[in-house]
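S.K.: okay, sequence plus prediction incoming.
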Amino acid sequence: MDDLEKAILIIFDESGTVTSELKSQAIAFCQQIKDNPSICSICIDRLCFSKLVQVQFWCLQCLHEVLRGRYSGMSSDEKSFVRTSVFSMACYESLDNSNSVKVLDGPSYVKNKLAQVLVTLIYFEYPSIWSSIFLDFLPNLSKGGVVIDMFSRVLNALDDELISQDYPRTVEEGAISGKIKDAMRQQCVGQIVRAWYDILSLYRNSDSELCAFVLDTMRRYISWIEIGLIANNTFLPLLFELILVDGLPDQLRSSASGCVLAVVSKRMDSQAKLTLLQSLQMSRVFGLVAGDGDSEFVLGIASLLTGYASEILDCLKNLNGDLKRASVELLNEVLPSVFYVMQNCELDTTFSIVQFLSGYVATMKGPSPLTEAQLFHVGQILEVIRMHIRFDPMYRDNLDVLDKVGSEEEDRMIEHRKDLLVLLRNVGRVAPDVTQLFIRNSLSSAVGSSLDINVEEVEAALSLFYAFGESLSEEAMRTGSGILRELVPMLLSTKFPCHSNRLVALVYLDTITRYMKFVLENNQYIPLVLAAFLDDRGIHHSKVKVSRRASYLFMRVVKLLKAKLVPFIETILQLITVIHAGSDICFVVQSLHDTVAQFTSMDYAAKDLSGCEDGTHIFEAIGLLIGMEDVPLEKQSEYLSSLLTPLCQQVEILLASSRVQNSEESPSKVANIQQIIMAINALSKGFSERLVTASRPAIGLMFKQTLDVLLQILVIFPKVETLRSKVTSFIHRMVETLGSSVFPYLPKALEQLLAESEPKELVGFLVLINQLICKFNTSVQDILENVYPVIASRIFGILPRDTIPSGPGSNTEEIRELQELQRTFYTFLHVVATHDLSSVFLSTKSRVYLDPMMQLLLYTSCNHKDLVVRKACVQIFIRLIKDWCARPFGEEKVPGFQSFVIEAFATNCCLYSVLDKSFEFRDASTLVLFGEIVLAQKVMYERFGNDFLLNFGNDMKSLKSFYQSLIENLRVQQNGSLVFR
């Protein structure tokens, strides 16, 4: 063993005993050898004498790289030497007529690399230099399987490297591929096909593995060679014989079916294709799919039949008259087998069940009634849909507890079902009666099932009925047309044996909710609806995720039925109670008073509460029920008091015990208070402002007392962000519910909320102030005059004077919070200015912030990247000019403001910013901003007269046209210095 062989062995060593340093040295040494001008001779010499497969592979790899990289620089003699040597190896010949090593005795990966070297030579030399390579190869096939195997590997490598369209090719590769195929068609394809036939005939019984390999090669070439070479009375019978003879190995039979599929899939004119398909007499293989569905052969037959059916379907779409009828006959013959395959075999990924079936269903559309065969096929299609939307039972436990595996499978199935359910709707349109009957039978079978029917069957039947509702009109839903009048009551009164399963329970509740409009018109079913949601099928379900979903859906049902539920309120409230289950809410039957008692005695563990708000939907449902004016005042007060009183008492107890403790040391108390706030907030959504302030003020008083209690939370837990957020949310709710009667509580609330000055906190505070201004307008002026100086002080201390950093490295949580605060502050200023409250900026305490506010608005109106924000700032200026500047010669309300507007705003925003190249008039948002800028100039002209601009007229339309023309002319003439006239 010389140094080169040693180095190659070190490079390929995977034992872990070779150090990285030694491996690096070996790589460097081998690279030196590669750079040797005589590298081709060195490699071929080693290939003749070295029995080490690592050395053989390295030498072939080296030859491949040299040919690809240096071919044009090689001498004719060197090219000839390589060509002769490599071809001799491929033909199982010794280079020196001695007992030298033969590469074809090596493993597959070495022979594949030799094939790759030969294909590289073909790339450069066929047909112009080495035109006889294929013809030279054919006589050597008589040497036996080893050369036949190698010839097949060369053809396969040629397909992979140059011919196959499964891989992206450069323009040059495409041209060379075309040239090689043209030459082969003219010169040798016929001989190669004859060789394939002889090999299969000779070796079919003695070497089935070799025959299968040859067939796989042949399959690759059928797509571009003359189809008559294969589709004839000689070759096709041989292929079908290999498929049909029982006892031959599956691999051989499957490979033969692959060749027939290639024949079937050959691109050609539809009429010629139909003739070809008719000649195949494919019915003789239909029965073969009934074998072992997982065997290689049955899967091959499945692919053949689905491909055959797809081709017939294409013919059916493209042909007319007798030819179309002939296509229908062929399709009707094969479809039963195709449906069997779809339900029992693992299909090739290149075949889309939905695409094929959708194409077939599309052929049924038209004025003519469906034939008996088509109606039968529709039933089969529906069966395929049902089978394919079923979950795999192997994931049943994972899906029930929804662990990581179950979650991934559920997501996969949701995506998988999308196209299948679209297909279901299409089938429903062409054959509504068959579809409805199928869904009815599926659901009836599920409803009448015993314990032994599997979960997946029931879930699929319910999912079909749920999906069916998407195609129904509102009128059909309300009147219960078709199967609804039978199925909805049946479903409402059903308890499945597998109802404890999460998937079944969820789709059951979703399906009931989907058909609620039918119940809205058929009130006799309301008791059944209430039972379904309020017993162990819904909010009592053992799975927390189901009970959460049930409470949410029940809330939606209450919103829909609302007034129709008044007679049932007592019953509903007696059925609902809330108990703690981890960090969630579930339900059992008890009185309303015990509901609150149990809810307020929850001992929460310190854990993430994300998603637990779902549990409060039951309180929203209760609020919607008891908040109706149809409920007598006495009853309404009783119901509300029995909820609010214990909840508020629990908060007071928790606050009292927390006064002497560090709030951070009692996360369970914080979580408990948070849950109570959310419950009260949800409950209040059912009460209108008119009811609590005008018709029934006693109800409003209860909410005011509750607000008073909850505001104490801000005092005891001033730094607990989750509680501050929930209390703020409740104040928002009370503003809408109590109206102006909330005013006495606002000073204390706003003072506490302003205690924190983090950007996130200030955003929430500004949103609340914006709500107050939009709802009450100038009525909040006193409140605003008190809080604005504090707001301005905080925000001008946080926001930068110019731009917030952007670009790489600026996408941090801190920067995002600043951007959100900036946007919300501009919205706040806009709301103040447009609700006749601009005098707030001029109050004694606020005047000190006037200049920084103006500078910020000016900079933003000229430079902000968001044109919507710039537009808002221009609108703020317009409103302030109108509020603070009298018409010409009037008294100046804000000294210096007029000068600032003319010299700074008009010059920088209305001219220079518009001159910037980024101001693109073809952009819609820019045009809107430009319109506001023109309006600002009109207002300035009206207020300041000739002090603003002597040359502009007072007509808005002509001003805008003249101004745009001016800007565009200035851009052309701009020489770096502009004078504003």
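M.R.: Yes, it's here. Residues are numbered from 1 along each chain as shown.

S.K.: what comes up buried for stretch 899-915?
M.R.: Neighbour-count burial for stretch 899-915, counted by 16 or more other C-beta atoms under 10 Å, picks out 901-902, 905-906, 908-911, 913-914. Using the backbone N, CA and C atoms, a C-beta is placed for each residue, glycine as well.

S.K.: could you work out the end-to-end span of it for me?
M.R.: 22 Å (C-alpha to C-alpha, to the nearest Å).

S.K.: now residue 427: how far from residue 2?
M.R.: 73 Å (C-beta to C-beta, to the nearest Å).

S.K.: same question, residue 867
M.R.: Taking C-beta to C-beta as the measure, residue 867 falls 74 Å from residue 2.

S.K.: in a strand, residue 17, correct?
M.R.: No - secondary structure of residue 17 (DSSP: H, G, I helix; E, B strand; the rest coil): coil, not part of a strand.

S.K.: how many residues are close by residue 751?
M.R.: 13 (other C-beta atoms under 10 Å).

S.K.: try residue 16
M.R.: For residue 16, using other C-beta under 10 Å, the count is 6.

S.K.: one step back: residue 427 and residue 2: which has the busier surroundings?
M.R.: Counted by other C-beta under 10 Å, residue 427 and residue 2 do not tie: residue 427 has more neighbours, with 23 against 8.

S.K.: per-residue confidence for residue 611?
M.R.: Per-residue confidence (pLDDT) for residue 611: 44.

S.K.: renumber starting at 48 from here on
M.R.: Taking 48 as the first residue, the last one we looked at is residue 658.

S.K.: contacts for stretch 82-100?
M.R.: 48, 51-52, 55-56, 80, 102-103, 106-107, 109-110, 113, 121, 125, 128-129, 132-133, 136, 141-143, 147-148, 150, 153-154, 157 (C-beta atoms under 8 Å, 6 or more residues apart in numbering).

S.K.: what comes up buried for that stretch?
M.R.: Residues of stretch 82-100 classed as buried: 86-87, 90-95, 97, 99 (neighbour count, 16+ other C-beta under 10 Å).

S.K.: endpoints of that stretch, how far apart?
M.R.: End-to-end distance of stretch 82-100 (C-alpha to C-alpha): 22 Å.

S.K.: for the record, mean pLDDT for whatever helix or strand residue 455 lives in?
M.R.: Taking DSSP states H and E as the definition, residue 455 sits inside helix 451-477. On average, the pLDDT along helix 451-477 is 94.

S.K.: counting by contacts, list what it packs against.
M.R.: When contacts are defined as 3 or more C-beta pairs under 8 Å, 6 or more residues apart in numbering; DSSP states H and E, helix 451-477 packs onto helix 400-409, helix 419-436, helix 443-448, helix 479-494, helix 502-515.

S.K.: what about the longest one, distance to the chain center?
M.R.: Spelled out, it's helix 419-436. Helix 419-436 sits 29 Å away from the centroid of its parent chain (C-alpha atoms, centre = their mean, to the nearest Å).

S.K.: what residues does that helix touch?
M.R.: Against helix 419-436 from outside (C-beta under 8 Å, 6+ apart): 379, 382-383, 386, 389-390, 400, 404, 407-408, 411, 417, 460, 463-464, 467-468, 470-471, 474, 477-478, 481-482, 485, 489, 507-508, 510-511.

S.K.: and the angle for it with helix 451-477?
M.R.: On the basis of axes from the mean of the first three to the mean of the last three C-alpha atoms, to 10 degrees, helix 419-436 is oriented at 160 degrees to helix 451-477.

S.K.: again, but for the first one
M.R.: Counting by the same axes, to 10 degrees, helix 400-409 lies at 10 degrees to helix 451-477.

S.K.: low-scoring stretches of the stretch 198-347 of the chain, by residue?
M.R.: 340 (pLDDT under 70).

S.K.: wait, doesn't residue 786 sit right on residue 741?
M.R.: No - shown here, residue 786 and residue 741 do not form a contact pair, counting by C-beta atoms under 8 Å, at 9.1 Å.

S.K.: more neighbours, the two?
M.R.: Using other C-beta under 10 Å as the criterion, residue 786 and residue 741 rank with residue 786 on top: 17 against 11.

S.K.: how much space between the more buried one and residue 887?
M.R.: The gap separating residue 786 from residue 887 is 22 Å, by C-beta to C-beta.

S.K.: could you list the buried residues of stretch 558-569?
M.R.: Neighbour count says stretch 558-569 has 558-567, 569 buried, by 16+ other C-beta under 10 Å.

S.K.: ignore the last one, stretch 309-323
M.R.: Across stretch 309-323, burial judged by 16+ other C-beta under 10 Å covers 309-311, 313, 317, 320-321, 323.

S.K.: end to end, how far does it reach?
M.R.: Taking C-alpha to C-alpha, the first and last residues of stretch 309-323 lie 12 Å apart.

S.K.: so what's the residue count around residue 421?
M.R.: Neighbours of residue 421 (other C-beta under 10 Å): 20.

S.K.: just the buried residues from the contacts of helix 419-436, in ChimeraX please.
M.R.: In ChimeraX, a selection of the buried entries from the contacts of helix 419-436 looks like this (16+ other C-beta under 10 Å):
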select :382,386,389,400,404,407,408,411,417,460,464,467,468,470,471,474,477,478,481,482,485,489,507,508,510,511
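
S.K.: and the gap between residue 128 and residue 591?
M.R.: 78 Å.

S.K.: between the two, who's got more neighbours?
M.R.: More crowded of residue 128 and residue 591, by other C-beta under 10 Å: residue 591, with 19 against 15.

S.K.: right, and the helix or strand after the helix or strand harbouring residue 194?
M.R.: Element membership of residue 194, judged by DSSP H and E, is helix 192-205. Counting by DSSP H and E, the next helix or strand C-terminal to helix 192-205 is helix 218-234.

S.K.: can you give me the buried ones in that next one?
M.R.: 223-224, 227-228, 230-231, 234.

S.K.: kindly export the following helix or strand past that helix (C-alpha atoms) in CSV.
M.R.: Downstream of helix 218-234, the next assigned helix or strand under DSSP H and E is helix 236-250. Extracted in CSV, the C-alpha atoms of helix 236-250 (Å, rounded to 0.1, in the frame of the first residue of the first chain):
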residue,chain,number,x,y,z
VAL,A,236,-32.9,3.5,-29.6
GLY,A,237,-34.3,0.7,-31.7
GLN,A,238,-31.3,-1.6,-31.0
ILE,A,239,-31.5,-0.7,-27.3
VAL,A,240,-35.2,-1.6,-27.1
ARG,A,241,-34.5,-4.9,-28.9
ALA,A,242,-31.7,-5.6,-26.4
TRP,A,243,-34.2,-4.9,-23.5
TYR,A,244,-36.7,-7.3,-25.0
ASP,A,245,-34.0,-10.0,-25.4
ILE,A,246,-32.7,-9.5,-21.9
LEU,A,247,-36.2,-9.8,-20.4
SER,A,248,-37.0,-12.9,-22.4
LEU,A,249,-33.7,-14.5,-21.5
TYR,A,250,-33.4,-13.7,-17.8
